[in-house]
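> Structure, please.
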Amino acid sequence: VSGGTLSALSGSGSNYTATFTVAAGAAGTAAISVLGSALTDAAGNGNSASSTLSISMNSAPTLATPSTAAFTDTVASDTFASVTGTLSGADADAGDTLTYGILSVTGAGATVSSTGTYGTLTVTKASGAYSFAPNNSAINARSANASETYTVTVTDGIQTTNATFTVSITAANDAPAMTT
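Numbers count the residues shown, from 1 in each chain. Predicted structure coming up:
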């Protein structure tokens, strides 16, 4: 056995089961090998040939929680700058290509976007670069603090890991504006 441990071997006749537990930090391929003439069943029949069962293992990628995009409103009519950054993903499996995204958002292009109440989050699939473009009108209209979240993702093509991107609004009761 390589890449883990074998336990709870049970069964009878020609049917046996066992539990294979992957070793912590194991990556790549695990194997369970049985040597020829190593086993005998209840009828006294032995295995004549060696055999190996190979198990491909895949570690889930990791994704760090991105920094919060914080916007502070004032009593004036404010214009807020976009917030940019790069999602930080990693994978223990050599050769895996990571792809970034936003949960439940698909698209054939190089980026995916999701629009919420307070702005639009855009993520570049290949690099994890992101931009949050704030909705100035919606933020200025807040008289109480608020927040919204987006679930960002990274996948290695087999497993996906999520993290939360948070938008935090510190509100102010804007002065009324007179129009004529």
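
> Quick one: residues contacting the residue positioned nearest the centre of the chain.
Taking Cα atoms, centre = their mean as the criterion, residue 161 is the residue nearest the geometric centre of the chain, at 1.5 Å. Listed by Cβ atoms under 8 Å, 6 or more residues apart in numbering, the contact partners of residue 161 are 60, 61, 62, 63, 89, 153, 154, 155. The way it works is simple: take the backbone N, C-alpha and C, and place the C-beta from them, glycine included.

> out of those, which are buried?
Neighbour-count burial (16 or more other Cβ atoms under 10 Å) is assigned, among these, to 61, 63, 89, 153, 154, 155.

> need these in TSV with distance to residue 127, can you?
As requested, the buried ones among the contacts of residue 161 are exported to TSV (distance: Cβ to Cβ, whole Å):
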residue	distance to residue 127
61	14
63	14
89	10
153	14
154	11
155	14
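
> if we can go back for a sec, take the contacts of residue 161 and write them to CSV, including secondary structure and distance to residue 113.
What follows is these, written out as CSV (DSSP: H, G, I helix; E, B strand; the rest coil; distance: Cβ to Cβ, whole Å):
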residue, secondary structure, distance to residue 113
60, coil, 25
61, coil, 22
62, strand, 24
63, strand, 19
89, strand, 19
153, strand, 14
154, strand, 17
155, strand, 18
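
> Closest one to residue 139 out of those residues, please.
The shortest gap between residue 139 and any of these belongs to residue 153, at 25.7 Å (Cβ to Cβ).

> Name the nearest residue to the closest one, sequence neighbours excluded.
Closest residue to residue 153 in three dimensions, ignoring its sequence neighbours and counting by Cβ to Cβ, 6 or more residues apart in numbering: residue 101, at 4.7 Å.

> Now tell me which helix or strand of this protein has the poorest mean pLDDT.
Scoring the helices and strands of the chain by mean pLDDT, DSSP states H and E places strand 28-34 at the bottom, with a mean of 74.

> And that one, what's buried?
30, 32.

> Just give the strands next to the helix or strand following it in its sheet, each with its orientation.
Sequence-wise, the next helix or strand beyond strand 28-34 is strand 51-57, with elements assigned using DSSP states H and E. For strand 51-57, the paired strands and their directions (DSSP bridges) read strand 28-34 (antiparallel).
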